[in-house]
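Student: sequence and predicted structure below; questions after.
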Amino acid sequence: MYLLFEVYLGLRVVSSSSFPGVYPACSMGNGTSRLYSALAKTLNSSAASQHPEYLVSPDPEHLEPIDPKELLEECRAVLHTRPPRFQRDFVDLRTDCPSSHPPIRVMQWNILAQALGEGKDNFVQCPVEALKWEERKCLILEEILAYQPDILCLQEVDHYFDTFQPLLSRLGYQGTFFPKPWSPCLDVEHNNGPDGCALFFLQNRFKLVNSANIRLTAMTLKTNQVAIAQTLECKESGRQFCIAVTHLKARTGWERFRSAQGCDLLQNLQNITQGAKIPLIVCGDFNAEPTEEVYKHFASSSLNLNSAYKLLSADGQSEPPYTTWKIRTSGECRHTLDYIWYSKHALSVKSALDLLTEEQIGPNRLPSFNYPSDHLSLVCDFSFNEEPDGLL
Ligand SMILES: NC(=O)C1=CN([C@@H]2O[C@H](COP(=O)(O)OP(=O)(O)OC[C@H]3O[C@@H](n4cnc5c(N)ncnc54)[C@H](OP(=O)(O)O)[C@@H]3O)[C@@H](O)[C@H]2O)C=CC1
Ligand SMILES: [Mg+2]
């Protein structure tokens, strides 16, 4: 017990990237570490903004494995006064491509930075008690443990080194974090450090071949938005693929900026996949509806990408009606902003997790006592097409 309440500190590890214009990846592993504290409640979170603990990572050799069931039980004990989890089902998208290898389950999720949720987002219908980190982190972990993704692509992570990295590494994941250069979290009093993108994969399923932290540019200018791209090799099949996570610039009026960031990301992914010779999965909060230019760039790219969640629609051509739904002072915001793009010739989507219904979300929308983020998680099971037709 008390798995949730252990906190680790360690040393920063930097590995080099072979891709031009991209930053070296700050990946966990190979560091020195020490067990730091027993109770998370003793964590002085404001200290994280004075000392860059978010740049350090622990030594996995010192981490005891956790039984996921034990962690889930612990989460449920913390959440016992809350309403039960929403039921969401996987929709079978039967393809004619039987695969001899187990599917690759990918989760895309903007988990809502704690500092932004409490200090900046203005969720006027969400009680502050629903946002308490000690409980909200359990709702996030419960969601991850419920679906057990092989790969986890997260945005707005501002509790990487004190929560997700130590716990997920003990569940068998290898993680990488790339904070935003000027995270708005840092403007919030008692923040826990910058937010950023995080990418986790199960070490027993994949071997890391290459990792790149990318600071996105727009019209050649460096921006505040980032991406992580990793080439992984499946241990079962020996096949390689590239997985990327990003969080593009938010807000209306920034459509051309997002479009430029998308072009930069596509260019980086072209280089990394050698012109899509390696199959690609791109997860992200694009902060863009399907009508926006950046969406169209991805849909028409020479990387031959399709958006997985379109497959849930009757004709396979329409994105879901929403992936985020919240009420701010400015009013109700219901948008489709989150996507899982994949190489449509090399990969098949075997199933996808259905979204929450309007009834489940409820009149006060998200986040809520039942659901920890204003964005829904997206989860897909992918398989490699057995006989790629040569056009990835
Ligand atoms: N110190 C410095 O010199 C600099 C500081 N900064 C800081 O960074 C901030 C901007 O960073 P940037 O990366 O461009 O931020 P973004 O505009 O991309 O938004 C940051 C976050 O705000 C959320 N958000 C979106 N819409 C709203 C809204 N209407 N109200 C409240 N929150 C919203 C987004 O969530 P979601 O994606 O879920 O919609 C996102 O995570 C500045 O406000 C400043 O604090 C930036 C540059 C320099
Ligand atoms: Mg947000």
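Tutor: Thanks, I have the structure now. Ligands and ions are numbered 1, 2, ... in the order given.
Student: if you count neighbours, what's buried in the helix or strand hosting F257?
Tutor: Per DSSP states H and E, F257 falls inside helix 255-272. Within helix 255-272, the residues that qualify as buried are 255, 257-266, 268-269, 271-272, counting by 16 or more other CB atoms under 10 Å. (Glycine included, C-beta is placed from N, CA and C.)
Student: and if you look at stretch 139-153?
Tutor: Neighbour count says stretch 139-153 has 139-147, 149-153 buried, by 16+ other CB under 10 Å.
Student: likewise for stretch 76-86?
Tutor: Across stretch 76-86, burial judged by 16+ other CB under 10 Å covers V78, L79, F86.
Student: centre of the chain versus that stretch, how much separation?
Tutor: 23 Å (CA atoms, centre = their mean, to the nearest Å).
Student: where do the helices of the stretch 51-200 of the chain begin and end?
Tutor: For the stretch 51-200 of the chain, applying DSSP state H, counting those that start in this stretch gives helices covering 68-78, 114-119, 133-147, 165-170.
Student: W109 and ligand 1, how far apart?
Tutor: Relative to ligand 1, W109 is positioned 11 Å away (CB to the nearest ligand atom, to the nearest Å).
Student: how close does that residue get to A352?
Tutor: Separation of W109 from A352 (CB to CB, to the nearest Å) stands at 14 Å.
Student: do N287 as well
Tutor: The value you get for N287 to A352, if CB to CB is used, is 21 Å.
Student: same check on A146?
Tutor: Counting by CB to CB, the separation of A146 from A352 is 15 Å.
Student: for T176, state which of the buried residues of helix 255-272 is nearest.
Tutor: Nearest to T176 out of these is I272 (CB to CB; 14.4 Å).
Student: touching, the closest one and I214? I think so.
Tutor: No: I272 is beyond contact range of I214, at 9.1 Å (criterion: CB atoms under 8 Å).
Student: intersection of neighbour lists for those two?
Tutor: Shared contacts of I272 and I214 (CB atoms under 8 Å, 6 or more residues apart in numbering): A229.
Student: K120 and L186 touch, don't they?
Tutor: No: look at K120 against L186 with CB under 8 Å: they stay out of range, at 11.0 Å.
Student: with adjacent residues omitted, what lies nearest to C333?
Tutor: K326 (5.3 Å; CB to CB, 6 or more residues apart in numbering).
Student: my read: the one you found touches F123, true?
Tutor: Yes: here K326 reaches F123: they are 5.6 Å apart, a contact under CB under 8 Å.
Student: find the residues that touch each one of these two.
Tutor: Overlap of the contact sets of K326 and F123 (by CB under 8 Å, 6+ apart) consists of L366, P367, D374.
Student: distance check, the first one against ligand 1.
Tutor: When CB to the nearest ligand atom is the yardstick, L366 and ligand 1 sit 11 Å from each other.
Student: surely that residue meets E358?
Tutor: No: in this structure, L366 is not within contact of E358 by CB under 8 Å, at 11.4 Å.
Student: pick out whichever of the two has more residues nearby.
Tutor: Higher neighbour count among L366 and E358: L366, with 24 against 13, using other CB atoms under 10 Å.
Student: next up, the contacts around the more buried one.
Tutor: Here L366 is in contact with F123, C126, T324, W325, K326, S373, D374, H375, L376 (criterion: CB under 8 Å, 6+ apart).
Student: with adjacent residues omitted, what lies nearest to it?
Tutor: Nearest non-adjacent residue to L366, counting by CB to CB, 6+ apart: D374, 4.7 Å away.
Student: for the one you found, report the pLDDT, please.
Tutor: Per-residue confidence (pLDDT) for D374: 98.
Student: residues contacting it?
Tutor: N110, L112, G117, D121, F123, T324, W325, K326, R365, L366, P367.
Student: swap in E118?
Tutor: Counting by CB under 8 Å, 6+ apart, E118 touches V128, L131, V188.
Student: show me which of these are buried.
Tutor: The neighbour-count test (16+ other CB under 10 Å) marks L131, V188 as buried among those.
Student: now, among the contacts of E118, which is nearest to ligand 1?
Tutor: Nearest to ligand 1 among the contacts of E118 is V188, at 8.9 Å by CB to the nearest ligand atom.
Student: apart from its chain neighbours, what residue comes closest to the residue nearest to the spatial centre of the chain?
Tutor: Of all residues in the chain, the one closest to the mean position by CA atoms, centre = their mean is L154, 1.6 Å from it. Using CB to CB, 6+ apart and skipping residues adjacent in sequence, the residue nearest L154 is A198, 4.5 Å away.
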